[in-house]
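Participant: quick one, fold the following:
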Amino acid sequence: LDIANIFDIDYLKQLHFSIEEVFLEHYISVRILYILIFLLYTFFLGLPLPAILFTSLVFDPFDAVLISTFCTTLGSYFTFFFIKAVYPNFNFKINKEHKKKYSFFFERIKKNELLATIIFRLIGGGLPFLIQNLILYTCRIGKNNYFLGTFLGTLPGNFVLIYFSSTLFGYIKNYIFNIL
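Facilitator: I've put the predicted structure just below:
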């Protein structure tokens, strides 16, 4: 990496093609390393949006959707088990009045855990994954329903996000490489 030529468009084109060549030569090892880094990032930070956007830059859209959905699901699953192992009796402080008021809500979630998890992941996009994981753990969702619900609930959002971001990044890349 030559920092002095970082603004030279010919150097950037050459760097782009050499990085693509490395990705093609080491197809499996690059993906495994990337998945491990993505998993650690999702587990420790719980904010997968930057990683999803970066994934749409690095990989083709189909691979990016699979990698990002798998990593966000597995990373939040690890967080779920970490909470369960470290804080087995974790529960939000809810006073008796609120507990009585929301008991219907918790009973409905318990009856339809999978559907509730899918819907929660679909509409809970504004909350960081760590907070979503804490809420789902508090609702005592089963581990299989948690995993499948998280996978199915994050898949549509990841697909849309990666489709739009990869399209946008493709236009930007073509514009930059074709203008000079």
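Participant: quick one: least confident helix or strand in this structure?
Facilitator: Using mean pLDDT, DSSP states H and E, the weakest-scoring helix or strand in the chain turns out to be helix 96-111, at a mean of 72.
Participant: what about Phe164, neighbour count?
Facilitator: 11 (other CB atoms under 10 Å). Where you see a C-beta, it was placed from the backbone N, CA and C, and this is true even at glycine.
Participant: what's whatever helix or strand it lives in packed up against?
Facilitator: Assigned by DSSP states H and E, Phe164 falls within helix 143-179. Counting contacts by 3 or more CB pairs under 8 Å, 6 or more residues apart in numbering; DSSP states H and E, helix 143-179 packs against helix 9-25, helix 49-58, helix 61-86, helix 113-123.
Participant: gap between Asn144 and Phe80?
Facilitator: Remark: distance between Asn144 and Phe80 (CB to CB, to the nearest Å) = 12 Å.
Participant: whoops, I mixed them up, Leu148
Facilitator: To Phe80, Leu148 is 13 Å away according to CB to CB.
Participant: Leu130 now?
Facilitator: Applying CB to CB, the value for Leu130 to Phe80 is 10 Å.
Participant: re earlier: between Leu148 and Phe80, which is the more surrounded one?
Facilitator: Using other CB under 10 Å, the more surrounded residue of Leu148 and Phe80 is Phe80, with 19 against 16.
Participant: show me what contacts that one?
Facilitator: Counting by CB atoms under 8 Å, 6 or more residues apart in numbering, Phe80 touches 133, 136-137, 143, 146.
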